[in-house]
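Sequence plus predicted model, see below.
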Amino acid sequence: MRLSPTFFSLISVSGTLFLAGPGCARRESPAEAGVHTQTLLLGNLAEPADVDPQVVLAYTDMNISYALFEGLTWVDAKTERPVPGVAERWDISPDGKVYTFHLRPNARWSNGDPLTAGDFVAAFRRELLPAFAATYCYMLWPIRNAEAFNAGKITDFKQVGVEALDEHTLRISLELPTPYLLALASHPTWMPVPCKVISQFGPVEQKGSAWSRPGNLVGNGPFRLTEWTPNSRLVVVKNPYYWGAGNVRLDSIVFYPMDDAGGEERAFRAGQLDVTSKLPVSKIAAYRAELPSRLRIEPVLNTTFLNFNTTRPPFDRPDLRRALSLAIDREAISRDIYLGSLPPAHSLTAPDCGGYTAQAAVPDDVVEARALLARAGFPEGRGLPPIDVITHNDSDSQRMMVAIQTRWATELGVHVTLTPLEQKTLFQDQQSLDYSIGQFGWYADYADPYTYLGMFTTGNGNNVTGWSNREYDRLVDATTRTADNGRRFALFQQAEAVLLQSSPVAPITFGGLVHVIQPTVHGWQVNQLGFQHYQDIWLGDH
């Protein structure tokens, strides 16, 4: 069989193909050497802002938290159902409002101390402290009085529905039945943190203290942190005190915070990575044709969209926001930029999110966009002040944003500049409302539409648009007051229609994890939230 030049360009530097004369030998690549030491080499695309599970916001940071900590449950990739984590089983009251979690008796912290139900109580208190100002605190609000404590309306944490019945029994009482609670309990927000250890490095409500650095961090996950060299690598090694340590086959994982998917792919070809976090679109065709077994396109609950800062004129005008959203050619972006690997998104919520698929949709409608632009006071773009769009600095995001920039200029007469930023800065600028338009991506925290639509309620920590709509808040709030999924989904449909009409966001594509993986990696399977169970992974011959 004659191999194409593309094939040689893909693998000649990877060590997979080697031609040499007698007496010549080649050096093992890091990925090949890692098979002997069970060291997994992962591209993680961005330098982590933190690994404290109650602080992390970015998907790439959560990837690391799942190695260092474990929640009450885990979402299984095969069934997409919650399965036991540090809780070996649970009981649910007939009215669905009381969950009793039975912790594993052999659960321990990575320093060898027992992990108790009281540790969960202390961790939840920290997450909900008003002074801690946790962005994700609303993830605990289904718990009775959690929101009231977080808002400072009550100060006695004993009134919050979290109680340690004994060292291994945790009872959680809810405001109302929450059908997705077991999936919610797998999120980093619900993971325990060792408050006794944290307090050695400052107040427990202090973010960014030294407790989460190597040598200080104590977790309860399958691995423990041993090295964190900023902008270089982060290393975790097997935790001998993890309750399931006997089933963990990897000895260590090295996370490389490369800020460009192209750099990850080059490192992969050189045998320096086992798995990339992304694959540049420009490489998809070659891998599809020549190395399909190494290419993974895995559907996940994810949406890429633009945020509009509705507190900053002129983006306080809904007609302007909707005009820009309608003018995006999503079909062309999916087809031409992402080669069909990412579907076009005409709604915010990813399809089949816990059984929910949005009925409301944003069409690609340039004619209506022009009419709305004129109604907003900017016919053919005249009178608009200079607009800057902050974007992710990876090459595929840049290509996507250039396509949108060109479309707005040619079809609407709206001219914008693009400012590429590192992920951490991109998030920070949007959180502080220091932007006009910003690129954003959202991985579902659990399989329920609330993970998307709850985000845009007034005052939500992840609502970085500044948008507030009383009717929208009413509809989303009503979903929390019924356990009937039919009724809940009907309310979500109405809420999403309000959101898309007002357009504080402009959806672009739905998600998929497009990456490459070495054939020596076994057991790699991500769940619909985009995470993998490191306990199931091992390295071996093809």
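The structure has been received and is ready for your questions.

now for the one helix or strand residue 304 maps to, which elements pack on it?
Assessed by DSSP states H and E, residue 304 sits inside strand 295-308. Helices and strands touching strand 295-308, by 3 or more C-beta pairs under 8 Å, 6 or more residues apart in numbering; DSSP states H and E, are helix 281-290, helix 318-326, strand 437-443, strand 505-516. Glycine gets a C-beta too; all of them are placed from N, C-alpha and C.

residue nearest the centroid of the chain?
residue 59 (3.0 Å; C-alpha atoms, centre = their mean).

what about the closest residue to it other than its chain neighbours, how many neighbours?
Spatial nearest neighbour of residue 59, excluding adjacent residues (C-beta to C-beta, 6 or more residues apart in numbering): residue 443 at 4.9 Å. Neighbour count for residue 443, taken as other C-beta atoms under 10 Å: 19.

which residues touch residue 386?
residue 417 (C-beta atoms under 8 Å, 6 or more residues apart in numbering).

and if you look at the one 3 residues further on?
Each residue near residue 389 by C-beta under 8 Å, 6+ apart is listed here: 306, 401, 405, 416-419, 436-439.

What are the neighbouring residues in contact with residue 176?
Residue 176 touches 97, 142, 480-483, counting by C-beta under 8 Å, 6+ apart.

at 6 Å what do you get?
Contacts for residue 176 (C-beta atoms under 6 Å, 6 or more residues apart in numbering) come out as residue 481.

so how far is residue 445 from it?
19 Å (C-beta to C-beta, to the nearest Å).

Over to residue 540?
If you go by C-beta to C-beta, the gap between residue 540 and residue 445 works out to 33 Å.

and what of residue 146?
16 Å.

what do you get for residue 168?
If you measure residue 168 against residue 445 using C-beta to C-beta, the figure is 27 Å.

Would you map the helices across the stretch 151-300 of the chain?
Assigned by DSSP state H, counting those that start in this stretch, the stretch 151-300 of the chain shows helices spanning 181-184, 195-198, 261-269, 281-290.

quick one: average confidence on the longest one?
Okay, so that is helix 281-290. Per-residue pLDDT over helix 281-290 has a mean of 93.

Direction-wise, compare it with helix 261-269 and give the angle.
Interaxial angle, helix 281-290 versus helix 261-269 (axes from the mean of the first three to the mean of the last three C-alpha atoms, to 10 degrees): 30 degrees.

gap between helix 281-290 and the chain center?
25 Å (C-alpha atoms, centre = their mean, to the nearest Å).

Would you mind identifying the next helix or strand past the worst-scoring helix or strand of the chain on mean pLDDT?
When each helix and strand of the chain is scored by mean pLDDT, DSSP states H and E, helix 5-11 comes last, with a mean of 33. Tracing the chain past helix 5-11, the next element assigned as helix or strand by DSSP H and E is helix 30-37.

Can you give me the buried ones in that following helix?
30-32, 34-35 (16 or more other C-beta atoms under 10 Å).

any idea which element residue 339 lies in?
Applying DSSP H and E, one finds residue 339 in no helix or strand.

count of residues packed around the residue lying closest to it once chain neighbours are set aside?
The spatially closest residue to residue 339, leaving aside those adjacent along the chain, is residue 284, at 5.3 Å (C-beta to C-beta, 6+ apart). For residue 284, the count of nearby residues is 18 (other C-beta under 10 Å).

my guess is residue 284 meets residue 337, correct?
No - between residue 284 and residue 337 there is no contact under C-beta atoms under 6 Å: 11.0 Å.

Run through the strands of the stretch 51-200 of the chain in chain order.
With DSSP state E, counting those that start in this stretch as the criterion, the stretch 51-200 of the chain has strands at 73-75, 82-84, 87-92, 98-103, 162-166, 169-173.

and if you look at the stretch 351-500 of the chain?
Under DSSP E, counting those that start in this stretch, the stretch 351-500 of the chain gives strands at 387-392, 416-421, 437-443.

Tell me which of the ones you listed is the most buried.
strand 437-443 (a mean of 21; mean count of other C-beta atoms under 10 Å).
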